[in-house]
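Participant: Quick one: sequence and predicted model below, then my questions.
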Amino acid sequence: MPSSSLSAMEDTSVSDGSDNRTLLLLDTRQQLTDALAESPYDLVLYLERALVYSDLGYPDLAAGDAYRALLLTDEVLEESFEYHEQASEALERYSSSPPPAILGLGTLPNDSSTGSNGSGPSGSKPSHELVTLASTRCYQILSLSLLLIGSLRSAYNFCERGLASVPGNKDLLETKGYIEKIARRRLGKAADAEITINDLPDRGKVRREVYPWNTHDPDRFSRESLSLLNRQLQDIAPKCEIRVASLPVLLDAESETDNYDIIPTCNQLGLFAREDIAPGEIVLKEYSLLTANNRHKESTCDACGSELPPLKPGSQAVSCEDCHDTVFCDEYCYQQAMEFYHPAVCDKDIDSIARDPDRNEIDESLYVLLLGRLLAMAAHQDVHPLDVDHVKYIWGDFIPSRANDIDLSPNAGPPPEWTLPFSFRYSIEMPLHILEKMDIDIYATLPKHDVWVFNTAYAKFRGTASSRQNPRDGRPDVAAVHPFWCLANHDCNPNVTWEWGGRMQMWARKTRVVGNAPGGITAGEEILNHYCDVDLPVQKRREWAAGALGGWCMCRRCREESGMNGKMDVEMEDRADGGVAE
Ligand SMILES: C[S@@+](CC[C@H](N)C(=O)[O-])C[C@H]1O[C@@H](n2cnc3c(N)ncnc32)[C@H](O)[C@@H]1O
């Protein structure tokens, strides 16, 4: 049973008021989603769904819908735009007065005599006033939702754009005031300090969960999932199998539990040896097309991300016949690309998107490029992005929807801490821009390209992608998701090591880090991967692994070494005390 329906069942089993409210809202969301499938250019439906998302506590998804609605107002206004006819026709249905309730909330200032374009309630085109009401509502929802997420720069930007169109709009002015207040607090500035848009932080956090309506996420623990994954694994890691693994529950920071004999554990998946594996023997060899390269003119294979061979006569490298800039390291990669993704992006002018980013946006650029590759794979294979093999079964570090809910009751505790990084630019604008460049209709394909689909893919990438640094300047410029490699859990005393260069290769260590014990893996043992440099001291390892792992590493080596450090500190203090006494 998909985990999504499990969470829906949990919801129905409790019957207090807030659960009923949530169920009602989820039902309205579904009805609006169905209506959008019938009428995908109807900006009023997007705005109505945005409000339902706000009420459900998903400001990111509200912003996504308000942004699509805003783009549709442009379509209505510009006759030369691709979806002008469809968007105008859809809005025209609301032309009889009074305007739909959702637009009525978009209070225009008294002096906003936006005028009419000559058509009106009974005209052939929606009135200019109706379009202005709609765009004002979009700006209001966008700015307030992005403010709630913490994407302050974009929130401010939408406020300014809205106020330029309807100066004096009360809601927008109010939101702008809140943004400035929060920005001053976050930047540690005085209450009357000037705020400029470039000062504002744009990264926030949103809910990381299997959405209650997500029917694509499988139950990874079911017999069917495990046997399917194990069948696929046989070519990649013939001596291994995927099983349920018991892992320490990760903590946010240092704690005294390092010294406990028993610590809390949870069940996840892991990779195990089915047969003995000799020291030095290859454990896994995996090829992935889910790769990204954030350098514009870098000589890496478009498919596998490996360094290209020198481009001289007789080179094995192959370029695409239709877009010569796209080069593959050999015929195999070219064929794989053509079979699984390349035609969806061939000659579509997307090469410069998210390339050569500022230093502080390197991670985001790699993640959005991975998303772009996933969207191309899905488009070319005509499947839902979340059903693409490479992502369907991978770990997303999801938190149950209930734990993410905002408690609206008067005696509620502090709000939950959301964990998925989010910004308007990388989570909404750029993915939609990539789709438009791919000639995909972002309205008609909403079920495949909703913002929650992007969020789900991002959650999975953030828990599993590996990156490679450029040897010239140390900047991570290539990233990949290897769905089977990433099933192997981390340990700071790993029994394997790995290297990614075109293929991900993992082999059994000849000696273990702890005590130089002999390597090799016996049948039944778990494959212990490493996500960080295991030669670092415990504190550094734990700090480094925290990002990749999602918490403070609690492996045996870390706990023992931190315990030993604790003892050493005490001994040092004792010795110092002794010195003073002498
Ligand atoms: C790349 S996935 C590993 C496979 C994952 N266990 C699964 O079920 O697909 C990384 C996640 O596994 C978990 N994990 C891996 N190694 C761990 C460890 N040593 N201790 C606790 N959790 C670990 C963490 O939740 C981490 O975010």
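Facilitator: Okay, I see it. Numbers count the residues shown, from 1 in each chain.
Participant: When you work out contacts or count neighbours from here on, use the C-alpha atoms and nothing else.
Facilitator: Fine.
Participant: Just the pLDDT at residue 472, thanks.
Facilitator: For residue 472, the pLDDT comes out at 76.
Participant: One more: the one 10 residues further on?
Facilitator: Each residue has a pLDDT score; the one for residue 482 is 97.
Participant: Angles on the backbone of the nearest residue to it once chain neighbours are set aside, please.
Facilitator: Spatial nearest neighbour of residue 482, excluding adjacent residues (C-alpha to C-alpha, 6 or more residues apart in numbering): residue 288 at 5.8 Å. According to degrees, to the nearest 10, the main-chain angles of residue 288 amount to phi -130, psi 140.
Participant: Residue 203 is in contact with residue 420, correct?
Facilitator: No. Counting by C-alpha atoms under 8 Å, residue 203 is not a contact partner of residue 420; they are 10.3 Å apart.
Participant: residue nearest the centroid of this structure?
Facilitator: residue 458 (1.9 Å; C-alpha atoms, centre = their mean).
Participant: show me what contacts that residue?
Facilitator: By C-alpha atoms under 8 Å, 6 or more residues apart in numbering, the contact list for residue 458 reads 367, 371.
Participant: so who does residue 521 touch?
Facilitator: 273, 276, 277, 278, 279, 495, 508, 527.
Participant: mind running it again at 7 Å?
Facilitator: 276, 277, 278, 495 (C-alpha atoms under 7 Å, 6 or more residues apart in numbering).
Participant: circling back: quickly find the element holding the residue nearest to the centre of the chain.
Facilitator: Here residue 458 sits within helix 451-464, counting by DSSP states H and E.
Participant: got a list of what residue 40 touches?
Facilitator: Residue 40 touches 443, 444, counting by C-alpha under 7 Å, 6+ apart.
Participant: This protein against the ligand: which residues are in contact?
Facilitator: 247-250, 268-270, 394-395, 397, 463-464, 486-491, 549-550, 553-555 (C-alpha under 6 Å from any ligand atom).
Participant: at 5 Å what do you get?
Facilitator: 247-248, 268-269, 395, 464, 486-487, 489-491, 549-550 (C-alpha under 5 Å from any ligand atom).
Participant: with these in mind, which one is nearest to residue 352?
Facilitator: residue 464 (25.1 Å; C-alpha to C-alpha).
Participant: confidence score at the nearest residue to that closest one once chain neighbours are set aside?
Facilitator: Spatially, and ignoring its direct neighbours in sequence, residue 464 is nearest to residue 486 (5.7 Å; C-alpha to C-alpha, 6+ apart). Note on residue 486: pLDDT of 95.
Participant: now residue 336
Facilitator: 97.
Participant: what's the answer for residue 195, then?
Facilitator: Value for residue 195, per-residue pLDDT: 83.
Participant: One more: the one 5 residues further on?
Facilitator: According to the predicted model, the pLDDT of residue 200 comes to 92.
Participant: same deal with the one 4 residues further on?
Facilitator: The predicted local confidence for residue 204 comes out at a pLDDT of 95.
Participant: State the distance from the residue nearest to residue 464 to residue 245.
Facilitator: 14 Å (C-alpha to C-alpha, to the nearest Å).
Participant: Excluding chain neighbours, what is closest to the residue of the stretch 251-400 of the chain at minimum distance from the ligand?
Facilitator: Closest to the ligand within the stretch 251-400 of the chain is residue 269: 3.6 Å, counting by C-alpha to the nearest ligand atom. Sequence neighbours aside, residue 244 is the residue nearest to residue 269 in space, at 4.5 Å (criterion: C-alpha to C-alpha, 6+ apart).
Participant: That neighbour falls within a strand, correct?
Facilitator: Yes. The assignment for residue 244 (DSSP: H, G, I helix; E, B strand; the rest coil) places it in a strand.
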